[in-house]
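Asker: Model the structure of this input:
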Amino acid sequence: MTKALHAVNPVRSLAAQSRQQLLYLAIALFIGLIALVTSFSVYQIDQAGKNYMRLDAIKLEQRNEHPDYVLPQQDDFSAYRKWEDIPQGVRQLFSAGKIQPSDPLEIERVNERGVREYGYLLYSNRYQSGGLYLLEFEEADKIEALTEAIFKRTLIDASLITGLFILVLFFVISWLFKRALKPLALLVEWSNQVKQNPNNKINAQFSISELNEIAEHLLSTLQQVREYNEREQQFLRHASHEFRTPLAIIQASLDTLMVRIAPEDPNYRSLLRAGRASANMILLSEALLWLARQHARPIGKSVVRSGALCRELFADMQYLIENKSIQVSMDDQAGSISIEKDLFRIVLANLIRNAFQNTASGTIAVAITDNSFAISNPVDTEDLTETVRFGLGLQLVERIAAKLDWQFDFSLDRHSARVVLRWNLSSVPVSPQSS
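Answerer: Numbers count the residues shown, from 1 in each chain. Predicted coordinates:
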């Protein structure tokens with residue numbers, strides 16, 4: 001699930017995300033400004049034509065103040081003092097009810113020569129000499145060509161100016177973002193120093209008070225975690241040392257009894273099983289003590305036949321499943337390997353014991369190779385979840401695996417529990433002859 005989320009939303013730095021969002025903002029602003037300029041240009045072109053016609057009306061009205069002035073009567077431009085003076089064919093093109101003073105009306109027609117043209121009618125009543133009706137007709141191709149040329153020129157100029165403006169704005173905001181994110185970069189650098197030198201107190205001195213508070217909280221939390229780990233390690237050391245003496249006494253007593261009791265005695269098998277359990281407890285105590293050390297020295301490796309070790313552990317723990325309807329299936333594809341023998345035995349013993357104890361019935365499947373061990377067992381009820389997942393055995397295995405750089409994977413559903421353990425061998429598997 002986590003990998004899928006990362007595939008959809010890749011993890012990046014805050015600076016990278018800010019640059020991407022800033023780029024998206026710049027693109028959106030560019031498109032929005034171009035759309036705004038385009039709409040405004042179309043509006044201005046339309047208004048320019050209307051204003052040009054209004055200017056002609058003002059000139060005619062000024063001349064119309066003289067009684068002898070003759071209004072122009074041309075094919076492309078004409079003026080009339082009354083609505084009724086306009087030719088009938090032209091009046092039918094316009095609606096008298098829509099005429100508003102100083103607001104030109106526009107129509108499109110095909111004239112008697114078969115030429116498509118635009119017609120404009122403007123009524124003006126600015127002077128006391130009476131109103132005027134102005135008519136203009138222009139070929140549609142000329143108007144459209146002029147409009148297209150003006151629009152293209154305006155669009156090009158607007159794109160250049162807008163692009164330059166967005167570019168400058170982008171660099172300015174990027175610079176501001178960089179300055180704003182610089183304290184966060186210093187905080188990351190400071191946290192790396194704390195991580196590399198956890199035992200040294202590195203004071204936080206930033207120019208932003210909130211960052212100082214965050215740093216102080218981090219230091220406080222780190223100190224609490226350090227104190228908790230120290231208490232835990234101290235407890236493990238003390239517990240391991242306390243176990244040593246009684247375990248040594250138990251082992252010595254068992255060794256003495258094993259010498260005195262003959263193998264034919266019915267109690268010999270129980271005594272032998274107790275001896276193995278005592279030996280496992282001694283190994284467990286040593287493992288806890290090893291985990292509790294701050295800088296534990298590497299444990300030497302020995303040659304182990306992992307399949308034989310598993311069968312030995314099965315025999316030792318057979319008593320756990322004697323009264324249960326449980327079968328054990330083992331796929332052994334491993335030879336002899338070189339590995340930390342004692343810790344490896346503790347890990348396998350805990351995993352096998354965990355499976356035996358938490359299985360009511362069914363088949364426990366084990367698969368082992370030269371670099372992996374997998375065990376799965378059926379689980380009957382959900383009540384086993386906490387015990388199976390957070391039991392001491394699995395926690396110990398997880399801790400040992402983490403310290404030895406082994407890979408430990410645990411999965412649990414309503415029907416089965418599965419553990420896979422993988423280790424990286426420093427050399428190729430040992431041949432059977434060498435064992």
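Asker: What strand or helix carries Ala417?
Answerer: Assigning secondary structure by DSSP states H and E places Ala417 in strand 416-422.
Asker: Quick one: distance of stretch 246-264 to the chain centre.
Answerer: 60 Å (C-alpha atoms, centre = their mean, to the nearest Å).
Asker: And for stretch 305-313?
Answerer: That offset, for stretch 305-313, works out to 44 Å (C-alpha atoms, centre = their mean).
Asker: Pull out the buried positions in that stretch.
Answerer: 305-307, 309-310, 313 (16 or more other C-beta atoms under 10 Å). (Each C-beta comes from the backbone N, C-alpha and C, glycine too.)
Asker: and what of stretch 398-417?
Answerer: Quick answer for stretch 398-417 (16+ other C-beta under 10 Å): 398, 400-401, 404, 406, 408, 417.
Asker: Which members of these occur in strands, if any?
Answerer: 408, 417 (DSSP state E).
Asker: Considering the buried residues of stretch 398-417, which is situated nearest to Leu167?
Answerer: Closest approach between the buried residues of stretch 398-417 and Leu167, by C-beta to C-beta: Phe408, at 53.3 Å.
Asker: Kindly state the beta-bridge partners for the closest one.
Answerer: Leu421 (DSSP bridges).
Asker: OK, contacts around it?
Answerer: 397-398, 401-402, 419-421 (C-beta atoms under 8 Å, 6 or more residues apart in numbering).
Asker: please redo it, this time with the cut-off set to 10 Å
Answerer: Phe408 makes contacts with 347, 351, 394, 397-402, 419-423, as judged by C-beta atoms under 10 Å, 6 or more residues apart in numbering.
Asker: could I get these as CSV with distance to Phe165?
Answerer: What follows is the contacts of Phe408, written out as CSV (distance: C-beta to C-beta, whole Å):
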residue, distance to Phe165
Val347, 66
Leu351, 67
Leu394, 63
Val397, 63
Glu398, 59
Arg399, 60
Ile400, 63
Ala401, 59
Ala402, 56
Val419, 62
Val420, 59
Leu421, 62
Arg422, 58
Trp423, 62
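Asker: related to what we said a few turns ago, which other residues reach the strand holding Ala417?
Answerer: 344, 347-348, 350-352, 354-355, 358-359, 362, 365, 367-369, 371-379, 384-385, 388-389, 394, 397-398, 400-401, 406-412.
Asker: now, which of the residues you listed lie within strands?
Answerer: Short answer: these in strands (DSSP E) are 362, 365, 367-368, 372-378, 407-412.
Asker: returning to what we had before: tell me which of the contacts of Phe408 is nearest to Ile166?
Answerer: Of the contacts of Phe408, the one sitting nearest to Ile166 (C-beta to C-beta) turns out to be Ala402, at 51.5 Å.
Asker: List the residues that contact that closest one.
Answerer: Per C-beta under 10 Å, 6+ apart, neighbours of Ala402: 291, 408.
Asker: can you tell me how far it sits from Asp332?
Answerer: Relative to Asp332, Ala402 is positioned 27 Å away (C-beta to C-beta, to the nearest Å).
Asker: So which residues of the stretch 101-250 of the chain form strands?
Answerer: Counting by DSSP state E, counting those that start in this stretch, the stretch 101-250 of the chain has these strands, from start to end: 105-110, 116-124, 132-139.
Asker: Please convert these to CSV, extending it with distance to Val70 and mean neighbour count.
Answerer: Formatted as CSV, those follow (distance: least, C-beta to C-beta, whole Å; neighbours: other C-beta atoms under 10 Å):
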stretch, distance to Val70, mean neighbour count
strand 105-110, 25, 13
strand 116-124, 18, 19
strand 132-139, 13, 20
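Asker: To Leu284, which of these lies closest?
Answerer: Counting by C-beta to C-beta, and looking across all of the strands of the stretch 101-250 of the chain, nearest comes strand 105-110 at 96.9 Å.
Asker: could you give the mean pLDDT of that closest one?
Answerer: For strand 105-110, mean pLDDT is 84.
Asker: With just CA atoms, put that strand into PDB.
Answerer: C-alpha atoms of strand 105-110 as PDB (Å, rounded to 0.1, in the frame of the first residue of the first chain):
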ATOM      1  CA  LEU A 105     -26.600  48.900 -34.700                       C
ATOM      2  CA  GLU A 106     -24.800  46.400 -36.800                       C
ATOM      3  CA  ILE A 107     -26.200  44.100 -39.600                       C
ATOM      4  CA  GLU A 108     -24.800  41.800 -42.200                       C
ATOM      5  CA  ARG A 109     -26.100  41.700 -45.800                       C
ATOM      6  CA  VAL A 110     -25.300  40.900 -49.400                       C
END
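Asker: In PDB, could you pull the C-alpha coordinates for stretch 35-46?
Answerer: The C-alpha coordinates for stretch 35-46 follow below in PDB (Å, rounded to 0.1, in the frame of the first residue of the first chain):
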ATOM      1  CA  ALA A  35      -7.500  35.100 -22.500                       C
ATOM      2  CA  LEU A  36      -8.200  38.400 -20.700                       C
ATOM      3  CA  VAL A  37      -6.200  40.400 -23.200                       C
ATOM      4  CA  THR A  38      -7.800  38.600 -26.100                       C
ATOM      5  CA  SER A  39     -11.300  39.300 -24.800                       C
ATOM      6  CA  PHE A  40     -10.300  42.900 -24.100                       C
ATOM      7  CA  SER A  41      -8.800  43.300 -27.600                       C
ATOM      8  CA  VAL A  42     -12.000  42.000 -29.300                       C
ATOM      9  CA  TYR A  43     -14.000  44.400 -27.200                       C
ATOM     10  CA  GLN A  44     -11.700  47.300 -28.000                       C
ATOM     11  CA  ILE A  45     -11.800  46.600 -31.700                       C
ATOM     12  CA  ASP A  46     -15.600  46.700 -31.600                       C
END
